[in-house]
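K.L.:
below are the sequence and a predicted model for it; my questions follow.
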Amino acid sequence: MEAKKYALVTGGSRGIGRAICIKLAAELNYPVLINYQSNADAAEETKALIVAQGGEAELIPFDVSNRTETYAQLTLWKEQHPGAVIEVIVNNAGVTRDGLFMWMEADDWGNVLHTSLNGFYHVTKFLIEDLIRQRYGRIINVASVSGMKGTAGQTNYSAAKAGLIGATKALAQEVAKRKVTVNAVAPGFIETDMTSALDEKELSKIIPVNRFGKAEEVADLVCFLASKKAAYITGEVININGGIYS
């Protein structure tokens, strides 16, 4: 009997992460592991949306920036699902602590880097051996326009996402022979809780398509990269930003 294949989405309870969870279940028929740190209600809501569409989902709470916690939860999951393989990893968890660098506290720097960059390391490091062994896998990292061109007031976030982009390109070269692809998507302004405080009308003027993107549009791109159709795409960073370039 073939092992059951799963997709894991970190930071999957809200926003872009939620949209990715729903699409992976609906379009690629993956049972989805919804990772979240503290918002259990939102995670349950995401799970309910997937189940309502006839999909399968499980919640797996841990803080990606905490290696011990991440390894403990993933080890427990593997023990409870013998033979199962997580073959799609979407590293989406991220936080912002915006402010001018001159006044940026060490915690605001550290939290943002630990979540995006160390989170990628902890989750992917734990799972990558399985992908290499089975000679198939998809790793998709959610970066940002900030990591591509830098955003004033987000030196920490820009550094974290730029680091994620560098890691994507390097890891892709290491595992390509094993049919494991590693790609990143770099969203621009997307309608989520994270951007709700921004002046959409004003900012839309600098976006060539003249609007914010939708989380579902990012999820469509992630789904394509997670599919068999994207087998010859690796080490790539795909901008999804309505045409904003530096």
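P.N.:
Alright, I've got the coordinates. Because the structure is a prediction, the values reported are computed rather than measured.
K.L.:
tell me which residue is most central in the protein.
P.N.:
Nearest residue to the geometric centre of the chain (Cα atoms, centre = their mean): residue 92, 2.0 Å.
K.L.:
pretty sure it sits against residue 9.
P.N.:
Yes. Using Cβ atoms under 8 Å, residue 92 is in contact with residue 9, at 5.8 Å. In this view, the C-beta of every residue, glycine as well, is placed from N, C-alpha and C.
K.L.:
any residues in contact with both of these two?
P.N.:
Shared contacts of residue 92 and residue 9 (Cβ atoms under 8 Å, 6 or more residues apart in numbering): 17, 20.
K.L.:
what's the lowest-mean-pLDDT helix or strand in the chain in contact with?
P.N.:
Every helix and strand in the chain was compared by mean pLDDT, DSSP states H and E; the lowest is helix 200-203, with a mean of 80. Outside helix 200-203, the residues within contact range by Cβ under 8 Å, 6+ apart are 189, 191, 212.
K.L.:
nearest to residue 38, of those?
P.N.:
Nearest to residue 38 among the contacts of helix 200-203 is residue 191, at 22.5 Å by Cβ to Cβ.
K.L.:
in stretch 214-234, which residues are buried?
P.N.:
Going by neighbour count (16 or more other Cβ atoms under 10 Å), the buried part of stretch 214-234 is 215, 217, 218, 219, 221, 222, 223, 224, 225, 226, 230, 234.
K.L.:
nearest spatial neighbour of the first one, skipping sequence neighbours?
P.N.:
Of all residues beyond its chain neighbours, the one nearest residue 215 is residue 19 (3.7 Å), with distances taken as Cβ to Cβ, 6 or more residues apart in numbering.
K.L.:
surely that neighbour forms part of a helix?
P.N.:
Yes. The assignment for residue 19, made by DSSP: H, G, I helix; E, B strand; the rest coil, places it in a helix.
K.L.:
what about it, distance to residue 27?
P.N.:
Residue 19 sits 12 Å away from residue 27, taking Cβ to Cβ, to the nearest Å as the criterion.
K.L.:
neighbour count for the two, which is higher?
P.N.:
Using other Cβ atoms under 10 Å, the more surrounded residue of residue 19 and residue 27 is residue 19, with 26 against 15.
K.L.:
what segments of the chain are helices?
P.N.:
15-28, 40-52, 67-80, 106-113, 119-134, 145-149, 155-175, 200-203, 215-226 (DSSP state H).
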